[in-house]
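**Student:** I'll drop the sequence and a predicted model, then ask my questions.
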Amino acid sequence: MEGEDAAAGARRPGLGCASFNQDSTSLAVGTKTGYRLFSVTAVDRLECIHESAESPDVYIVERLFSSSLVVVVSQAMPRRMNVYHFKKGTEICNYSYSNTILAVRLNRQRLIVCLEESIYIHNIKDMKLLKTLLNTPPNPSGLCALSINHSNSYLAYPGSATIGEIIVYDANNLNTVTMIPAHDSPLAAITFNASGTKLASASERGTVIRVFSIPEGLRLFEFRRGMKRYVNINSLSFSPDAQFLCASSNTETVHIFKLEQHGPSGEEETPTWSAYMGKMFTAASSYLPAQVSGMMSQDRAFATVRLHTAGQKNVCTLATIQKLPRLLVASSDGQLFIYNIDPQDGGECTLVQTHRLFGSDEDRDKAGVSAAPQSYAATAATVPTSGPVSATLTGYSEDGGISKGEVIPEHEFAAGPVCLDDETEFPPINRCRDGSRRDKSRRP
């Protein structure tokens with residue numbers, strides 16, 4: 001059996017990583033032979049818009065919105081980040097770092113590179129290194145999040161290796177905003193909403209998910225994913241309007257939570273069984289220990305998805321495709337699942353399409369499995385498809401790490417200026433000039 005499994009594994013391309021772009025219109029996957037970019041703007045068809053076989057064993061690939069800029073890191077050279085203009089087939093630049101690159105995050109203003117104990121902040125317009133955060137708490141998974149709203153480019157990363165502290169850093173103004181004591185256990189997942197005004201987090205226990213206001217760091221919501229067992233949270237993602245939050249884990253269930261403020265006590269509500277039970281729990285909680293009452297006050301999932309298999313690493317996102325709310329789940333076995341969500345009643349989500357991420361377009365279309373939408377989705381399917389803290393924290397370096405002997409990234413830029421095809425695809429790469437990293441006083 002082991003021999004058969006090994007032979008089957010050798011025949012399959014193998015999924016090294018998967019990531020959705022900032023507005024969930026594109027999916028990037030890394031493979032043993034390179035990387036692929038897919039358009040996910042339709043349910044019934046998965047279009048491969050680009051495929052590259054130049055870098056083997058890609059484990060990081062990130063695309064900037066719907067532009068031509070893509071960042072790639074491969075196992076062959078895990079300390080080097082390559083930035084490409086994939087439509088022209090040219091390399092914009094590459095940077096080498098002192099240690100293995102664990103994560104890369106992008107928005108229209110900043111490019112973030114996360115190592116285990118340091119974070120590098122680049123200006124994405126010219127790839128100039130602006131700041132280095134040194135001696136950050138050990139972060140072996142490269143956990144970090146960057147707000148996609150470039151007007152307030154907040155960066156979040158763990159503030160401790162032993163408890164769930166979150167440092168929120170302003171990547172535009174290059175100063176620390178706040179520290180959020182989010183969980184008792186170390187962090188497992190963090191993400192911003194599209195506007196950068198909310199931050200969701202989960203710990204290694206995976207039982208409770210919390211949402212905080214940004215930049216204040218106040219707790220807004222608390223959701224309980226489960227009570228019976230600890231799980232590994234794979235990903236968190238807000239819907240575009242920040243009304244929903246999804247969480248996937250190493251179990252077979254994906255949870256979707258609804259971010260809604262409960263009305264004033266005097267406001268009349270539609271009498272439902274869940275509302276009645278909620279009032280019963282609230283009344284009973286005043287007679288119970290604080291730990292138990294707190295558990296009872298946490299909101300449960302608004303909607304759920306039952307995946308076919310458990311134990312597969314996956315990444316999920318909430319998107320609007322063809323004017324309907326959808327949940328997308330890309331799994332490590334090379335499949336993309338698309339589900340309909342009922343935004344009014346929630347409940348079990350309906351699987352409407354399964355796509356394979358490997359093979360030719362024709363093979364993937366043949367392998368696609370669709371299911372008839374039901375209830376809300378069936379009805380909606382008729383729609384035509386058309387205050388900062390200035391104190392310096394440990395791990396922050398004004399000089400980019402030179403005085404402490406940190407190896408500053410070396411880079412080699414493509415000859416001449418490289419611009420994106422469409423000037424409306426912000427940002428065009430104005431220039432990438434050798435030696436810019438040495439001029440610390442200059443700003444874009």
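**Tutor:** Happy to help now that I have it. The structure displayed is predicted, hence computed values, not measured ones.

**Student:** drop to CA atoms for contacts and neighbour counts, all remaining ones
**Tutor:** OK.

**Student:** for the helix or strand where residue 73 lies, packing partners?
**Tutor:** Taking DSSP states H and E as the criterion, residue 73 maps to strand 69-74. Packing partners of strand 69-74 (3 or more C-alpha pairs under 8 Å, 6 or more residues apart in numbering; DSSP states H and E): strand 58-63, strand 77-85.

**Student:** please save the CA atoms from it in PDB.
**Tutor:** What follows is strand 69-74, C-alpha atoms only, in PDB (Å, rounded to 0.1, in the frame of the first residue of the first chain):
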ATOM      1  CA  LEU A  69       2.900  41.700 -10.200                       C
ATOM      2  CA  VAL A  70       3.500  38.300  -8.600                       C
ATOM      3  CA  VAL A  71       6.000  37.400  -5.800                       C
ATOM      4  CA  VAL A  72       7.500  33.900  -5.800                       C
ATOM      5  CA  VAL A  73       9.700  32.000  -3.300                       C
ATOM      6  CA  SER A  74      10.900  28.400  -4.000                       C
END
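
**Student:** touching that strand from outside, list them.
**Tutor:** 55-64, 79-86, 101, 104, 420 (C-alpha atoms under 8 Å, 6 or more residues apart in numbering).

**Student:** what sits against residue 304?
**Tutor:** Residue 304 touches 253-256, 346-349, counting by C-alpha under 8 Å, 6+ apart.

**Student:** in a markdown table: those residues, plus secondary structure.
**Tutor:** Rendered in a markdown table, the data for these read as follows (DSSP: H, G, I helix; E, B strand; the rest coil):
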| residue | secondary structure |
| --- | --- |
| 253 | strand |
| 254 | strand |
| 255 | strand |
| 256 | strand |
| 346 | coil |
| 347 | strand |
| 348 | strand |
| 349 | coil |
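
**Student:** would you list the buried entries among those residues?
**Tutor:** For the contacts of residue 304, a burial check counting by 16 or more other C-alpha atoms under 10 Å picks out 253-256, 346, 348-349.

**Student:** among the residues you listed, which pair sits farthest apart?
**Tutor:** By the measure C-alpha to C-alpha, 253 and 346 form the most distant pair in the buried ones among the contacts of residue 304, at 14.6 Å.

**Student:** hang on, the earlier thing: out of the buried ones among the contacts of residue 304, flag the one nearest to residue 243.
**Tutor:** Of all the buried ones among the contacts of residue 304, residue 243 sits closest to residue 256, with 10.3 Å by C-alpha to C-alpha.

**Student:** ok, that closest one - contacts?
**Tutor:** By C-alpha under 8 Å, 6+ apart, the contact set of residue 256 is 244-247, 301-304.

**Student:** now, which of these sits nearest residue 223?
**Tutor:** residue 301 (7.4 Å).

**Student:** ok, that closest one to residue 253 distance?
**Tutor:** From residue 301 across to residue 253, the span is 11 Å (C-alpha to C-alpha, to the nearest Å).
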